[in-house]
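**Q** Sequence first, predicted coordinates after that:
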Amino acid sequence: MNNAASTAALAGVSTLRVGLGCMGMSEFYGPADDEANLRALHTAFALGYRHFDTADMYGRGANEQLLARFVGELGARRAEVLLATKVGIERLADGNIAANSRADYIQAACEASLRRLGVERIGLLYLHRKTPEVPIEETVGAMARLVEQGKVGALGLSEVSAATLERACKTAPIAALQSEYSLWSRDVEAAVLPMCRAHGVKLVAYSPLGRGFLTGAVSPATLAEGDLRRRLPRFQEDNFRANEALLAVVQGIAQALGCSTAQVALAWLLGKGDDVHAIPGSRREANMAANIAALGIRLSPIARRELDAAFAGGAVHGLRYPEALLKTVNV
Ligand SMILES: NC(=O)c1ccc[n+]([C@@H]2O[C@H](COP(=O)([O-])OP(=O)(O)OC[C@H]3O[C@@H](n4cnc5c(N)ncnc54)[C@H](OP(=O)(O)O)[C@@H]3O)[C@@H](O)[C@H]2O)c1
């Protein structure tokens, strides 16, 4: 597939820069309710969402199965949807997870995702995490064969370093790089975003609302038992309270504009350029509607400078992942 074909495969992404992150529907952010989630997915479609982001590991396949039910119910309109999934994180029997980007694993995992999703072709397939010792050429070579076989439309990588992305782009066309990017997680700005731009790769920002922190609606005390955020450094009480001073800046701008804090956080991200997309996760109609409406909000240069200054340098308290998980990113 050449670059033009890769871009065409992402038409849904390039016309609508806000997709729906579906992870929290099946795992990590509290109990799952598939019937309510199915209704939420149809609501999202009615609101204009066309890009739906999942992964084989979310709910151990349950999230992909949920999306299979959703696209199945769309009938002919399923052709409008860009289904993006990820492979490359194995769930081990002991409950731990491990990156696996070996060619044979990627091929088998993609085929399992196709079966679970109930589709003949995955619109956008990402490598979820790179195994440090597996050359990216091996992985992307396997992914490119999936494109040749007609099983995948376009290729993406998640949380890889700029150097890895550059090597990947020499192996096959890469349409998207998905990494954490938000007001409080700006690592990608140093090298990854410039590398994306050098190669015409779209940056898909995950956790664009800081896993809920940037909405002002989440607090450590209200998180369900087993919620992943209970284990994240920034959601530990001391860090969280310290970071609330930064949130106050976002809230002040939101108040002045007459919009929500979440919308300011998304508008800041979307204002980075047309090649930056966001996939906020939500299960609620009002929040999904507010998030997609952020496409119409423009922040003034003064507001952007205020936000940039507030979140600059070491202003954020706590790492975005625990140390052990940080070793799996920027590989
Ligand atoms: N590639 C990777 O390694 C990776 C890692 C993590 C996530 N992701 C992807 O990125 C997607 C989004 O990230 P995320 O879900 O971690 O974090 P997020 O989008 O930053 O935040 C989601 C949280 O914000 C809340 N929320 C959303 N919109 C809101 C609004 N307008 N007002 C108030 N609260 C709002 C949601 O709750 P409600 O449901 O109540 O709205 C949820 O608790 C995931 O679903 C997943 O697809 C990828």
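**A** Alright, I've got the coordinates.

**Q** So for stretch 270-290, what gets flagged as buried?
**A** Under the neighbour-count criterion of 16 or more other Cβ atoms under 10 Å, stretch 270-290 has 270-271, 275-283, 287-288, 290 buried. C-beta coordinates here come from the backbone N, C-alpha and C atoms, glycine included.

**Q** Kindly apply the preceding question to stretch 46-65 instead.
**A** Applying 16+ other Cβ under 10 Å to stretch 46-65 flags 49-59, 61-65 as buried.

**Q** now swap in stretch 115-128 and tell me
**A** Residues of stretch 115-128 classed as buried: 116-117, 119, 121-128 (neighbour count, 16+ other Cβ under 10 Å).

**Q** which of those lies closest to the ligand?
**A** Relative to the ligand, the closest of the buried residues of stretch 115-128 is His128; by Cβ to the nearest ligand atom it sits at 6.1 Å.

**Q** Can you list phi and psi of that closest one for me?
**A** Main-chain dihedrals, His128, degrees, to the nearest 10: phi -70, psi -50.

**Q** So which of the buried residues of stretch 270-290 would count as near the ligand as well?
**A** Counting by Cβ under 6 Å from any ligand atom, 279-283, 287, 290 from the buried residues of stretch 270-290 sit close to the ligand.

**Q** near the ligand, which residues of the protein show up?
**A** 21-24, 29, 53, 158-159, 178, 206-212, 215, 217-218, 260, 262, 279-284, 287, 290-291.

**Q** Just the buried ones out of those residues, please.
**A** When the residues of the chain next to the ligand are checked for burial by 16+ other Cβ under 10 Å, the buried set is 21-24, 29, 53, 158-159, 178, 206-212, 215, 218, 260, 262, 279-283, 287, 290-291.

**Q** Narrow those to those in helices?
**A** Mapping these onto helices (DSSP state H) picks out 23-24, 262, 287, 290-291.

**Q** Tell me which other helices or strands the lengthiest helix in the chain touches.
**A** In the chain, taking DSSP H as the definition, the longest helix is helix 237-257. If you count contacts as 3 or more Cβ pairs under 8 Å, 6 or more residues apart in numbering; DSSP states H and E, helix 237-257 packs onto helix 261-270, helix 301-310.

**Q** Excluding its own residues, what touches that helix? List them.
**A** Helix 237-257 is contacted from outside by 183-184, 213-214, 216, 219-220, 233-234, 260-261, 263-265, 297, 299, 303, 306-307, 310-311, 315-318, using Cβ atoms under 8 Å, 6 or more residues apart in numbering.

**Q** Could you measure from the residue in the stretch 1-150 of the chain that the ligand sits nearest to over to Gly59?
**A** In the stretch 1-150 of the chain, no residue comes nearer to the ligand than Gly21, which is 2.3 Å away by Cβ to the nearest ligand atom. From Gly21 across to Gly59, the span is 14 Å (Cβ to Cβ, to the nearest Å).

**Q** same question, Gly252
**A** Applying Cβ to Cβ, the value for Gly252 to Gly59 is 37 Å.

**Q** what do you get for Val316?
**A** Val316 is 29 Å from Gly59, by Cβ to Cβ.

**Q** go on, Leu232?
**A** Separation of Leu232 from Gly59 (Cβ to Cβ) stands at 19 Å.

**Q** again with Phe235
**A** Distance from Phe235 to Gly59, by Cβ to Cβ: 21 Å.
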